[in-house]
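Undergrad: model this:
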Amino acid sequence: MKLDFLEPVTREGPWASVYATTGPPDEASAERRELVWRELCRSLEEQGADERTVGAVREELDRAGPEAGQRGLALFAADGRVAVTCHLDRAPGVPSALWAELPRVTPLLDPARREPVCLVARVDRSGADYRTYGTGTGAGTAARTGKDAGADADAGERQGSVDGRDWPLHSAASGDWSAIHFEAAVENTWQENAALTARELAGVCRESGAQLIMLAGGARECHAVREQLPEELREITMISGHGGRAAGAETALLAADVEAARLEIAARHTEAVLDRFRAGRDDSGRHVTSVEGVPAVTDAARQHRVDALLINLAGADTGREVWLGDEPDQLAVRRTEAAAAPGTAQPRPVRADDALVLCATTTGAEAVMVPGDRSDGGPAGGIGAILRWPRSEPEATADR
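TA: Residues are numbered from 1 along each chain as shown. Here you go, the predicted structure:
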């Protein structure tokens, strides 16, 4: 998961972090929503949040309302202003509100909430209608930041259409010479339109960062478009047996295909990252291009050496305390080490997982939530990293 969308929350807090379910737009849900949101704001007040920030949170919750359907909502606010709002593909299990030095961002890495960006194209012989899903954070949420925080939840998504020649598109019934000639013209039109559609989709895919293309429509038309895509895009293109360009064509079944495909792509990526992490050990088991445990990962993060951060929320060390200076990369497992950073007057104790995710945000690293523990080849304590260059110094010990 790329973390660019979290850039606005890397500045000094404290921060309000709220995870909630918006619910459907019916009267009963509206009453439940009001009670839950009132309790979330009350919780922030009891934890010491200032009145302006609590007010900003409440306004953003009211603005979101039921528009996000059954999905979840995450928002982060400080100094009387909501900095980032995320409409999630999945609702949180339990609504929560936290007032702390750092925003509670790690749950956003949950695979159920970070499905990859998908470009869905409903194809026919003349072209296609397309739309991207999950654009905004690059990971399955539509994010709004800063002055755009009041915009539509789907503002990051792209949609459009591409239309080629509309004649001749249909074969003639006769088998004489003129009909055969006409048939060849029809085939040429189909191929030209497929090529035009493929070029348009390839451009949208590159611009949106889509990791998956789903083609829906007739099998012949979809295969024709797929064959015209660049090789690297053909590898991430799937064809649904449901749906088409006609309005309302198998929408629910197509949506199910898209969801399943996105989850599969996310799972593949997670496993690929785990494979890279495991491969970071040499034959003796010593880490060379990967590290694990809070001390070693914290050291690597401070030196901007982390290429991919791995977190297992069930790990024993994810909630461990580390010390943070004035900048997101001024991390240390000891207070004295954090205090030694230039310009740092008063280091603060913070959660390791959130601190490392925010550090990864500022250094351009990826963050991935992974399953398993050390016995499964995952990171010890639930915290690990793949390095940008091999380590040369002795490994950090498991504790300090």
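Undergrad: which element follows the helix or strand of the chain with the lowest mean pLDDT toward the C-terminus?
TA: Sorting the helices and strands of the chain by mean pLDDT, DSSP states H and E puts strand 141-145 at the bottom, at a mean of 46. Downstream of strand 141-145, the first helix or strand assigned by DSSP states H and E is strand 159-163.
Undergrad: which strands and helices sit next to that following strand?
TA: Packing partners of strand 159-163 (3 or more C-beta pairs under 8 Å, 6 or more residues apart in numbering; DSSP states H and E): strand 127-133, helix 177-208. All C-beta atoms are positioned from the backbone trio N, CA, C, and that covers glycine.
Undergrad: if I look at residue 193, how far off is residue 217?
TA: Separation of residue 193 from residue 217 (C-beta to C-beta, to the nearest Å): 12 Å.
Undergrad: out of the helices and strands packed on strand 159-163, which is the most enclosed?
TA: Between the helices and strands packed on strand 159-163, strand 127-133 has the highest mean count of neighbours, a mean of 23, where neighbours are mean count of other C-beta atoms under 10 Å.
Undergrad: what's that strand in contact with?
TA: Residues from elsewhere that reach strand 127-133, judged by C-beta atoms under 8 Å, 6 or more residues apart in numbering: 117-122, 157-164, 193, 196-197, 200-201, 204, 208, 210, 217, 225, 245, 258, 262.
Undergrad: let me know the angle separating it from strand 159-163.
TA: If you take axes from the mean of the first three to the mean of the last three C-alpha atoms, to 10 degrees, strand 127-133 sits at 160 degrees to strand 159-163.
Undergrad: how about the strands in the stretch 201-350 of the chain?
TA: Using DSSP state E, counting those that start in this stretch, the strands of the stretch 201-350 of the chain run over residues 212-217, 237-240, 290-292, 306-311, 321-324, 331-332, 348-351.
Undergrad: and the average pLDDT for the shortest one is what?
TA: Going back to what we said before, that points to strand 331-332. The pLDDT scores in strand 331-332 average 93.
Undergrad: pull up the pairing partners for it, direction included.
TA: Paired with strand 331-332 in the same sheet, following DSSP bridges, are strand 321-324 (antiparallel).
Undergrad: same thing with the fourth one?
TA: Each strand pairing with strand 306-311, determined using DSSP bridges, is listed with its direction: strand 366-369 (parallel), strand 383-387 (antiparallel).
Undergrad: for the longest one, which outside residues touch it?
TA: Contacting residues not belonging to strand 383-387 are listed as 273, 276-277, 280, 289-294, 296-297, 300-301, 305-312, 315, 317-318, 352-353, 356, 370, 378-379 [C-beta under 8 Å, 6+ apart].
Undergrad: out of those, list just those in helices.
TA: 273, 276, 277, 294, 296, 297, 300, 301, 352, 353, 356 (DSSP state H).
Undergrad: by neighbour count, which of those wins?
TA: Counting neighbours by other C-beta atoms under 10 Å, residue 297 leads these with 31 neighbours.
Undergrad: check contacts around that residue.
TA: 291, 306, 309, 356, 383, 384, 385.
Undergrad: pick the one among the residues you listed closest to residue 188.
TA: Lowest distance from residue 188 to the contacts of residue 297 (C-beta to C-beta) belongs to residue 309, with 51.3 Å.
Undergrad: okay, and the beta partners of the closest one?
TA: Beta-bridge partners, per DSSP bridges, of residue 309: residue 367, residue 385.
Undergrad: that one against residue 368, yeah?
TA: Yes. Using C-beta atoms under 8 Å, residue 309 is in contact with residue 368, at 7.1 Å.
Undergrad: compare these two (neighbour count), which wins?
TA: Just comparing residue 309 and residue 368: by other C-beta under 10 Å the higher neighbour count belongs to residue 309, 30 against 22.
Undergrad: so who does residue 328 touch?
TA: With contacts taken as C-beta under 8 Å, 6+ apart, residue 328 has the following neighbours: 10, 355, 358, 359, 361, 362.
Undergrad: A helix includes the fifth one, no?
TA: Which is residue 361. Yes. Under DSSP: H, G, I helix; E, B strand; the rest coil, residue 361 sits within a helix.
Undergrad: how close does it sit to residue 355?
TA: 11 Å.
Undergrad: more neighbours, these two?
TA: Between residue 361 and residue 355, counted using other C-beta under 10 Å, the more crowded position is residue 355 (28 against 22).
Undergrad: tell me the predicted confidence for that one.
TA: Reading off the confidence values, residue 355 has pLDDT 97.
Undergrad: now do the contacts for it.
TA: 102, 322, 324, 328, 331.
Undergrad: how about residue 292?
TA: By C-beta under 8 Å, 6+ apart, residue 292 lies in contact with 374, 379, 380, 381, 383, 384, 385.
Undergrad: low-confidence regions, the chain specifically.
TA: Counting by pLDDT under 70, the chain has low-confidence residues at 24-28, 65-70, 89, 111-115, 134-158, 165-187, 248-250, 343-344, 373-375, 391-400.
Undergrad: mind doing that once more with 50?
TA: Scanning the chain for pLDDT under 50 picks out the ranges 68-69, 135-143, 146-156, 168, 172, 176-177, 179, 181-182, 394, 396-400.
Undergrad: related to what we said a few turns ago, going through the contacts of residue 297, which ones are buried?
TA: 291, 306, 309, 356, 383, 384, 385 (16 or more other C-beta atoms under 10 Å).
Undergrad: and of those, the nearest to residue 221?
TA: Nearest member of the buried ones among the contacts of residue 297 to residue 221, counting by C-beta to C-beta, is residue 309, at 42.0 Å.
Undergrad: distance of the closest one from residue 101?
TA: 19 Å.
Undergrad: can I get the contacts of residue 328 in TSV with distance to residue 90?
TA: Below are those laid out as TSV (distance: C-beta to C-beta, whole Å):
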residue	distance to residue 90
10	25
355	25
358	22
359	26
361	22
362	27
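Undergrad: now, of the contacts of residue 355, which are buried?
TA: Buried among the contacts of residue 355 (16+ other C-beta under 10 Å): 102, 322, 324, 328, 331.
Undergrad: contact partners for residue 270?
TA: 111, 368, 369, 370, 371.
Undergrad: format the residues you listed as CSV; extra columns: distance to residue 6.
TA: Shown next, in CSV, are the contacts of residue 270 (distance: C-beta to C-beta, whole Å):
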residue, distance to residue 6
111, 17
368, 14
369, 14
370, 19
371, 23
